[in-house]
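In: predicted model, plus sequence, below.
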Amino acid sequence: AQSVTQPDIHITVSEGASLELRCNYSYGATPYLFWYVQSPGQGLQLLLKYFSGDTLVQGIKGFEAEFKRSQSSFNLRKPSVHWSDAAEYFCAVVPEEYGNKLVFGAGTILRVKS
Amino acid sequence: ETGVTQSPTHLIKTRGQQVTLRCSSQSGHNTVSWYQQALGQGPQFIFQYYREEENGRGNFPPRFSGLQFPNYSSELNVNALELDDSALYLCASSSLKGGNTEAFFGQGTRLTVV
């Protein structure tokens, strides 16, 4: 079945440590790819997006993501995590045939310990 | 701030009742999508409106219906509310043009059905 998988439900990292959140998708063609962040009780804020071109994408708040076609992955990274990064992170795709209707993963909750 | 406004922010309804949620899209956007986010899950696509016409629908029953107005604002209506309809309802505004499918989300409406 076509889907978006975020294998880690929770991740805890120390402040200042590096972060990688995993995302895999199962669609035949390369979809448009996104990472969103959601603070408790809030809407979704776009961190970054990949449509085509350079497979390393820079986003806001110091985040970046790398698209790997061979692995159907779009992992989110940050070299040094800040306490304010604690939130829930969602990977999403727009399968080419769906226009701009987003399919989301289940999310990864990031906890930052001081 | 995304410029997407949803109202109300919170709502409590009784099972069997009907509810209307509202969304004002970002200036210049002609497309509104609605998502349901149950507790602990990623958002699920309900439907999308493009220039006042429904432009795709997810796996939701007909008691979920919508409208888009000439100013591109939108309503989500849910009839015969069930307990499982309790969720955060998110509206996303975008512009269907070329390959740019970035969506901007509102803060959401938290619906509780008792």
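Out: Thanks, I have it.
In: in the sheet, who's paired with the residue nearest the centre of chain B?
Out: Residue closest to the mean C-alpha point of chain B, counted by Cα atoms, centre = their mean, is residue B:34 at 2.9 Å. Here residue B:34 sits in beta bridges with residue B:47, residue B:91, going by DSSP bridges.
In: residues contacting it?
Out: By Cβ atoms under 8 Å, 6 or more residues apart in numbering or on different chains, the contact list for residue B:34 reads B:23, B:45, B:46, B:47, B:48, B:66, B:74, B:76, B:89, B:90, B:91, B:92. Yep, even glycine has a C-beta here, placed from its N, CA and C like the rest.
In: quick check: it vs chain A, distance?
Out: 10 Å (Cβ to the nearest Cβ, to the nearest Å).
In: mind pulling the model confidence for that residue?
Out: The per-residue pLDDT reported for residue B:34 equals 97.
In: what separates it from residue B:74, distance-wise?
Out: 7 Å (Cβ to Cβ, to the nearest Å).
In: any residues in contact with both of these two?
Out: B:23, B:66, B:91.
In: can you check the pLDDT for residue A:96?
Out: Residue A:96 carries a pLDDT value of 66.
In: try residue B:14
Out: 98.
In: now it, nearest residue through space, not along the chain?
Out: residue B:114 (6.0 Å; Cβ to Cβ, 6 or more residues apart in numbering or on different chains).
In: give the contact list for that neighbour.
Out: B:12, B:13, B:14, B:15, B:83.
In: can we see that at 10 Å?
Out: Counting by Cβ atoms under 10 Å, 6 or more residues apart in numbering or on different chains, residue B:114 touches B:12, B:13, B:14, B:15, B:17, B:81, B:83, B:86.
In: again, but for residue A:54
Out: By Cβ under 10 Å, 6+ apart, the neighbours of residue A:54 are A:66, A:67.
In: A strand includes it, no?
Out: No - in this structure, residue A:54 is coil, not part of a strand, as judged by DSSP: H, G, I helix; E, B strand; the rest coil.
In: skipping adjacent residues, who's closest to residue B:11 in space?
Out: Excluding the flanking residues, the one nearest residue B:11 by Cβ to Cβ, 6+ apart is residue B:111, at 5.1 Å.
In: do you know how far that neighbour is from residue B:90?
Out: Distance from residue B:111 to residue B:90, by Cβ to Cβ: 11 Å.
In: equivalent analysis for residue B:103, please.
Out: On the measure of Cβ to Cβ, residue B:103 and residue B:90 end up 10 Å apart.
In: quick one: which of these two has more around it?
Out: When residue B:103 and residue B:90 are compared for neighbours, residue B:103 comes out ahead with 29 against 26, by other Cβ atoms under 10 Å in any protein chain shown.
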